[in-house]
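Asker: task: produce atomic coordinates for the following.
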Amino acid sequence: MKMNKKEIGRQLIHLSGIGAVFFVYFLGSLITGIGALVISLGFFILSFYVKVKHDIRKNLPVRIKELEELEDSFHDLINSVEREASGIMYMGAILFFLGIGTSLLLFPFKIGIISVIVLSVGDSFSTMIGVHWGRHKTKINPKKSWEGTLGGFAAAFLVCLFFTRPEIALAAAGVGMLMELLPIKINDNLLIPFSVGIVLWGLSLCGFLI
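Answerer: Okay, the predicted model is just below:
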């Protein structure tokens, strides 16, 4: 099975979420987290605006064709990588940035960073590898393959090693990919970072160095 262009674009954008980690080091968790929430809110507002934009344009006293075409091109670009499963447009982007923002604001500095890494890297690689090379479906969730799950685990683990100790990287990648694998009816963009953050926070309270 080959991944279509829409899914490839979606996963590349998903993977780019690791850029939030670098913003954290320059701007701090607070500003970066708030920025991610603002982006999430922006997509939420945009999803409703798109549905009524034609009515709004009709009532404008002055219309500029070039600006409207530029705006439509922007919406088409987002739609080209957005899944169509949700009734709300841009839901994937809304929840993705919501997951990043809340993780950075809720959890301690390094735990927030690791949670974002597992979401961005692990979830993206599990999908890309699973679609291209997934041959053995799991009994836990027939929609997932062992190749995808293990590939996402390995990618998340390796990237986490740059930010924490091997045993913590192992725990974070393991928890994240377990949540991605289980057929839980909670969006991965929220389930993965929150699960990783809670587990690592618990480990830190038990005396483990993160």
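Asker: where do the helices of this structure begin and end?
Answerer: Residue ranges of the helices in the chain, as given by DSSP state H, are 5-15, 19-27, 29-58, 65-79, 91-106, 109-117, 123-133, 146-160, 166-181, 188-205.
Asker: so for this protein, the centremost residue is which one?
Answerer: residue 96 (3.9 Å; Cα atoms, centre = their mean).
Asker: if you skip the residues just before and after it, what's nearest to that one?
Answerer: Nearest residue to residue 96, sequence neighbours excluded (Cβ to Cβ, 6 or more residues apart in numbering): residue 189, at 4.6 Å. Backbone N, C-alpha and C define where each C-beta goes, glycine included.
Asker: isn't the one you found up against residue 91?
Answerer: No. Residue 189 is beyond contact range of residue 91, at 9.3 Å (criterion: Cβ atoms under 8 Å).
Asker: name the residue in the two with the higher neighbour count.
Answerer: residue 189 (24 against 19; other Cβ atoms under 10 Å).
Asker: circling back: quick one, what contacts the residue nearest to the centre of the chain?
Answerer: Contact analysis of residue 96 by Cβ atoms under 8 Å, 6 or more residues apart in numbering lists 14, 17, 40, 119, 189.
Asker: can you count the residues close to the third one?
Answerer: Residues lying near residue 40 (other Cβ under 10 Å) number 22.
Asker: and the pLDDT at it?
Answerer: pLDDT, residue 40: 94.
Asker: for the first one, same thing?
Answerer: pLDDT for residue 14: 73.
Asker: correct me, but it touches residue 125?
Answerer: No. Taking contacts as Cβ under 8 Å, residue 14 lies outside contact range of residue 125: 9.9 Å.
Asker: hang on, the earlier thing: can I get the helices of the chain in JSON lines with distance to residue 139?
Answerer: Output for the helices of the chain, formatted as JSON lines (distance: least, Cβ to Cβ, whole Å):
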{"stretch": "helix 5-15", "distance to residue 139": "24"}
{"stretch": "helix 19-27", "distance to residue 139": "34"}
{"stretch": "helix 29-58", "distance to residue 139": "35"}
{"stretch": "helix 65-79", "distance to residue 139": "35"}
{"stretch": "helix 91-106", "distance to residue 139": "27"}
{"stretch": "helix 109-117", "distance to residue 139": "28"}
{"stretch": "helix 123-133", "distance to residue 139": "15"}
{"stretch": "helix 146-160", "distance to residue 139": "10"}
{"stretch": "helix 166-181", "distance to residue 139": "11"}
{"stretch": "helix 188-205", "distance to residue 139": "20"}
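Asker: out of those, deepest packed?
Answerer: helix 109-117 (a mean of 25; mean count of other Cβ atoms under 10 Å).
Asker: what residues does that helix touch?
Answerer: 17-18, 20-21, 24, 29, 33, 100, 103-107, 156, 159-160, 163-164, 168-169, 172, 192-194, 196-197, 200-201, 204, 210.
Asker: change it to 6 Å
Answerer: Contacting residues not belonging to helix 109-117 are listed as 20-21, 24, 29, 100, 103-104, 159-160, 163-164, 172, 193, 196-197, 200-201, 210 [Cβ atoms under 6 Å, 6 or more residues apart in numbering].
Asker: that's all I had, so thanks and see you.
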